[in-house]
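K.L.:
Based on what follows, work out the 3D shape:
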Amino acid sequence: MDKYVTGAVIRRLRERKKMTQEELAARIYVSGKAISKWETGQGFPDISLLEPLAKALDISVIELLSGEDVRNLNRSFNMAKSKIYVCPVCSNVIGTAGEAVVSCCGITLPSLESELSDPDHIIKAEIIEDEYYVTMDHPMTKDHYISFLAAVSDNGVQFVKLYPEGNAETRFKINGIRSFYAYCNRHGLFQLKIYGVNYVKESINHFKQSPQ
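P.N.:
Prediction:
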């Protein structure tokens, strides 16, 4: 695990629940002195206590370990707030509909920050009937490749996993798509925003028209 629950987190969450140290201690069957030691940095709760401690504080174990309570941040739900996470250990890709605490292989993952397409990572989108045909002229070797392509619309996310020595291409149903994303295993996440059907053609030609 890349981090452990801190005393400051326990105290903040306890006080938010308006519990005394003794009240929290009674819920998880430890002494008030033990809670005091945790909160002042003189010790840590045993790993066997993390689940009952999280339950007493009304959060998940992952939230407890990260120090963040994210349960109520997605009330104004829309897919434009979607987040993507990639595990650096196993390459697992996880998508969420908003802010979340995501853990994989014992690591709490940060959400990926996307950059606009650059000359080495141009996302091209061509409309063919009721689909976008999305391609990239990018290496697809075992060491350098596009790991996935995704399309985010108002009502969902379309996601296609890619593999080395394949082609960086796929098709997405149009369905009100607002953005395309591509993830390069070396350079990170890139985005192509869609502001309308005509913008797709303009975006494809953008780098051709830009002065070098």
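K.L.:
what is the mean pLDDT for stretch 5-17?
P.N.:
Stretch 5-17 shows a mean pLDDT of 90 in the predicted model.
K.L.:
Arg171 - nearest residue in space that isn't next to it in sequence?
P.N.:
Residue nearest to Arg171 in three dimensions, not counting chain neighbours: Glu131, with 4.6 Å by Cβ to Cβ, 6 or more residues apart in numbering. Heads up, the C-betas are built off the backbone N, CA and C, glycines and all.
K.L.:
Break this structure down into its domains, please.
P.N.:
Using automatic domain parsing, the domain ranges for the chain come out as 7-66, 72-112, 114-209.
K.L.:
lowest-confidence helix or strand of the protein?
P.N.:
Least confident helix or strand, the chain: helix 197-209 with a mean of 45, by mean pLDDT, DSSP states H and E.
K.L.:
what helix or strand is Ala25 on?
P.N.:
Ala25 is part of helix 21-28 when elements are defined by DSSP states H and E.
K.L.:
Now do that helix: which elements does it pack against?
P.N.:
Using 3 or more Cβ pairs under 8 Å, 6 or more residues apart in numbering; DSSP states H and E as the contact criterion, the elements in contact with helix 21-28 are helix 32-39, helix 50-56.
K.L.:
Nearest to Val86, out of the ones you listed?
P.N.:
Minimum separation from Val86 across those (Cβ to Cβ) falls at helix 50-56, 25.8 Å.
K.L.:
If we go by neighbour counts, what in that closest one is buried?
P.N.:
Residues 50, 53-54, 56 are the ones in helix 50-56 that count as buried (16 or more other Cβ atoms under 10 Å).
K.L.:
Tell me which helix or strand comes right after it.
P.N.:
Later in the chain than helix 50-56, the nearest helix or strand by DSSP H and E is helix 61-66.
K.L.:
I'd like the average pLDDT over that next one.
P.N.:
The average of the pLDDT scores along helix 61-66 is 80.
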